[in-house]
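>>> how would this look folded up:
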Amino acid sequence: MTGPQPASTAYASVMAQIHGKAFPPAETWDAATIRWHLGLPGVAGWIDPRGGMILARAAADEMEVLTLAVIPAARRRGIATGLLEAAMTWARSQGARAAFLEVGVANAAAQSLYARAGFAPTGRRRRYYSDGSDALILRCPVKAPDAAAAG
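Predicted coordinates:
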């Protein structure tokens, strides 16, 4: 089976391997960190066996994408889009009305993905990442499924 699958704490090691290949060493999350997040109330994760993972948190009427990673060899194959769609579907089920995340100002590929999904910049976090670079704060409404597509 391909495509996003729900991830429990049992997947933490595999998710950490994906994260480690997708981000610079100073930005990677280890298995213990991922396991800890997955054990928190309101946090859910998905894994794509082709080499992607996402963690999201729902609180009140918002969903935050905590991290989204796809290994370099598997990029540009729709994996990130599928993972983001899984998280947005889950967010709707949790009553979220908006989703937000941070993305590196130099990460044009991720910014393009998020723009296609309806995210727009709402702010900036100065020196957010370990290398001193800034992050853009992106936000988008969590919409109900399209009525035409549902029927």
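
>>> so the residue nearest to the spatial centre of the chain is in which element?
Geometric centre of the chain, nearest residue: L68, 3.5 Å, by CA atoms, centre = their mean. Assigned by DSSP states H and E, L68 belongs to strand 62-70.

>>> can you give me the mean pLDDT across that strand?
For strand 62-70, the mean per-residue pLDDT is 96.

>>> Report the spatially nearest residue to the residue nearest to the centre of the chain, omitting neighbours in sequence.
I54 (4.6 Å; CB to CB, 6 or more residues apart in numbering). To be clear about C-beta, it is placed using only N, CA and C from the backbone, and glycine gets the same treatment.

>>> do the same with A109
Nearest to A109 is R75, by CB to CB, 6+ apart, at 7.4 Å.

>>> can you count the residues close to the one you found?
For R75, the neighbour count with other CB atoms under 10 Å is 15.

>>> same thing with the one 10 residues further on?
Number of residues near E85 (other CB under 10 Å) recorded here: 16.

>>> From L55, how far off is it?
In this view, E85 and L55 are 15 Å apart by CB to CB, to the nearest Å.

>>> remind me, longest helix of this protein?
If you go by DSSP state H, the chain has its longest helix at helix 79-93.

>>> Enumerate every residue touching the nearest residue to A117 once chain neighbours are set aside.
Nearest non-adjacent residue to A117, counting by CB to CB, 6+ apart: L84, 5.6 Å away. With contact taken as CB atoms under 8 Å, 6 or more residues apart in numbering, L84 is in contact with 54, 65, 68, 113-114, 117.
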